[in-house]
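K.L.:
Here is a sequence with its predicted model. Questions after.
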Amino acid sequence: MMRYASDGRPLPTPTDTSRPFFEGAREKRLVLQRCPRDGFFFYPRSHCPSCLGVDWQWETVSGRGSVHAFTVDRVGHDPALASQVPFAVAIVELDEGPRMSANIVGCEVDAVSVGMRVEAAFEDVDDITLVRFRPCGD
């Protein structure tokens, strides 16, 4: 079942597997799973996507990376997000290797570019904290 924020935006529902990710975000830390053989991976899952191992650990990462690709929604394709337009959604390649998707905040959408250096930012929405990325100085 989809759940929505008080402002109408859809919100993720943490599972047993993803709960540590959202708990880290609540503490303003970006935490990812790390396999001892294959390194960090994202999105939260019960097995390493490379070796299928289950002996991974949650670790705090730098939260820094670069925009790999992005798009800008200027028309509100999803009616639940129409109040947020325009907004940029990017695939961010973290310095630790994995790529994750998130909104880019803290700048005009026309300033977002491939290769732009970004850092994790956190937005508290009702009872959950969402990971976003904002431009950084390096």
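P.N.:
Looks like it arrived, so ask away. Numbers count the residues shown, from 1 in each chain.

K.L.:
Under the pLDDT cut-off, which ranges of the chain? List them.
P.N.:
Low-confidence regions of the chain, defined here as pLDDT under 70, cover residues 1, 138.

K.L.:
Show me the strands in it, by range?
P.N.:
With DSSP state E, the ranges of strands along the chain come out as 3-4, 10-11, 31-35, 39-41, 57-60, 64-73, 87-94, 99-104, 117-125, 128-135.

K.L.:
tell me which strands and helices the fifth one is in contact with?
P.N.:
It stands for strand 57-60. Under the contact criterion of 3 or more Cβ pairs under 8 Å, 6 or more residues apart in numbering; DSSP states H and E, the helices and strands touching strand 57-60 comprise helix 19-26, strand 31-35. (Each C-beta comes from the backbone N, C-alpha and C, glycine too.)

K.L.:
contacting residues around V92?
P.N.:
V92 is in contact with G65, S66, V67, H68, R99, M100, S101, A102, V118, F133, counting by Cβ atoms under 8 Å, 6 or more residues apart in numbering.

K.L.:
Excluding residues flanking it in the chain, which one is nearest it?
P.N.:
Of all residues not flanking V92 in the chain, G65 sits nearest, at 4.6 Å (Cβ to Cβ, 6 or more residues apart in numbering).

K.L.:
Could you do S50 as well?
P.N.:
Spatial nearest neighbour of S50, excluding adjacent residues (Cβ to Cβ, 6+ apart): D38 at 4.1 Å.

K.L.:
again with M100
P.N.:
If you skip the residues right next to it in sequence, M100 has F42 as its closest partner in space, 4.7 Å away by Cβ to Cβ, 6+ apart.
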